[in-house]
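>>> Have a look at this prediction, sequence included:
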Amino acid sequence: MTDKGNRLKSFKELQSVYKSLPKDKHTILYCQDGADAALDDLLMQKLGYKTSVYDGSWLEWANDENLPIVNPSKKR
């Protein structure tokens, strides 16, 4: 039987994924509409991170012309 479909990584694997983020600082998570950020929030809190979700996420932020948008990959 072939295992097809998506699965979450184990908590041990997730520790490696998030290891570059500081556990002692509060991290605000966002995504396109909030669903992915909510899952990250749940997993990261279980791993000991201080997180919260910006409920409006990118859809709200990007549609407000008064808010800054900075692409860190273009800062050089």
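Structure received.
>>> and Asp40, backbone torsions?
Phi and psi for Asp40, reported as degrees, to the nearest 10, are phi -60, psi -40.
>>> can you tell me which residues contact it?
The neighbourhood of Asp40, defined by CB atoms under 8 Å, 6 or more residues apart in numbering, consists of Leu29, Cys31, Thr51. All C-beta spots, glycine's among them, are computed from the backbone N, C-alpha and C.
>>> would you list those in CSV and tack on pLDDT?
Conversion of the contacts of Asp40 to CSV gives the following (pLDDT from 0 to 100):
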residue, pLDDT
Leu29, 92
Cys31, 86
Thr51, 95
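>>> In terms of helices and strands, where is Gln45?
Secondary structure assigned from DSSP states H and E places Gln45 in helix 35-46.
>>> and which of the contacts of Asp40 is nearest to Pro22?
Thr51 (11.3 Å; CB to CB).
>>> Restricting to C-alpha, output the helix or strand hosting that closest one in CSV.
For Thr51, the element it lies in under DSSP H and E is strand 50-53. Only the C-alpha atoms of strand 50-53 are listed here, as CSV (Å, rounded to 0.1, in the frame of the first residue of the first chain):
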residue,chain,number,x,y,z
LYS,A,50,5.7,32.9,21.8
THR,A,51,3.4,33.5,18.8
SER,A,52,0.2,35.1,17.7
VAL,A,53,-1.7,35.4,14.4
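>>> Pull out the buried residues from that strand.
Neighbour-count burial for strand 50-53 flags Thr51, Val53 (criterion: 16 or more other CB atoms under 10 Å).
>>> Same question for stretch 8-28.
Applying a neighbour-count criterion of 16+ other CB under 10 Å, the buried positions in stretch 8-28 are Leu14, Tyr18.
>>> Between the two ends of that stretch, how far is it?
Terminal residues of stretch 8-28 are spaced 21 Å apart (CA to CA, to the nearest Å).
>>> quick one: contacts for the nearest residue to Leu43 once chain neighbours are set aside?
Distances taken as CB to CB, 6 or more residues apart in numbering put Leu14 closest to Leu43, at 5.9 Å, once the chain neighbours are dropped. When the contact criterion is CB under 8 Å, 6+ apart, the partners of Leu14 are Leu8, Leu43, Leu47.
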